[in-house]
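>>> 3D model of this:
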Amino acid sequence: MEKIENNKNKKGFVILMVILLLSVILVVGLGVFDIIVREILISNMGRESQKAFYAADAGAECVQYWEKQGGKFIPGSAYLIDCNGNSIVGQMSGDLASPENSNNYNIPIKVNFTNGACASVTLLINSSDPSIDTVITSRGYNVGCDDASSKKVERGVRVKY
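A predicted model of the protein is given here:
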């Protein structure tokens, strides 16, 4: 009779071990899930940062290529830049970079790309530095230039020549 009573007491111990083992497996699984989610977020941020950098680089290259092909900005006139199959139309405001030098012009240009990225490019012609004739400052965004998204990423490129 004693043997039967001992077996009844051991059955509760097995249930306790199973619950403990399942708890440990659940904690480990949640830890791995948390790591995976963080890695996905980091990967997405890297992709969006790369998209913004490439937009900035492409915007600077478009303006530089157009200028090297003989494109001229004439104060008070409209300009048309063909870039990667996109036509960028703008009006040069003739804002002077420095009032004492009427040959310095800041020209704002926005370049929109088919992947939703955008570049805001500023072309400074005839800077005050005699060794540098032109400065292109391009700021690339992973979303539209005017988008106020909390996930907006900005990267910049400056070209001097």
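
>>> which residue ranges form the helices in the protein?
Taking DSSP state H as the test, the helices found in the chain are 2-68.

>>> Can you get me the start-to-end distance on stretch 107-117?
Distance across stretch 107-117, first residue to last, is 20 Å (Cα to Cα, to the nearest Å).

>>> so where's this protein shaky on pLDDT?
By pLDDT under 70, the weakly predicted segments of the chain are 1-11, 72-77, 84, 86, 90-106, 126-132.

>>> Report the central residue of it.
Centroid check for the chain by Cα atoms, centre = their mean gives residue 52 as the closest residue, at 3.0 Å.

>>> Give me the number of neighbouring residues for the closest residue to residue 89 other than its chain neighbours.
Closest residue in space to residue 89, ignoring its immediate chain neighbours: residue 80 at 5.5 Å, by Cβ to Cβ, 6 or more residues apart in numbering. C-betas here are computed from N, CA, C, even on glycine. Residues lying near residue 80 (other Cβ atoms under 10 Å) number 10.

>>> In contact with residue 80, which residues are there?
By Cβ atoms under 8 Å, 6 or more residues apart in numbering, residue 80 lies in contact with 87-89.

>>> Which ones among these map onto strands?
Judged by DSSP state E, the subset of those located in strands is 87-89.

>>> Distance of residue 38 relative to residue 44?
In this structure, residue 38 and residue 44 are 11 Å apart, going by Cβ to Cβ, to the nearest Å.

>>> same question, residue 65
On the measure of Cβ to Cβ, residue 65 and residue 44 end up 31 Å apart.

>>> now swap in residue 137 and tell me
In terms of Cβ to Cβ, residue 137 sits 27 Å off from residue 44.
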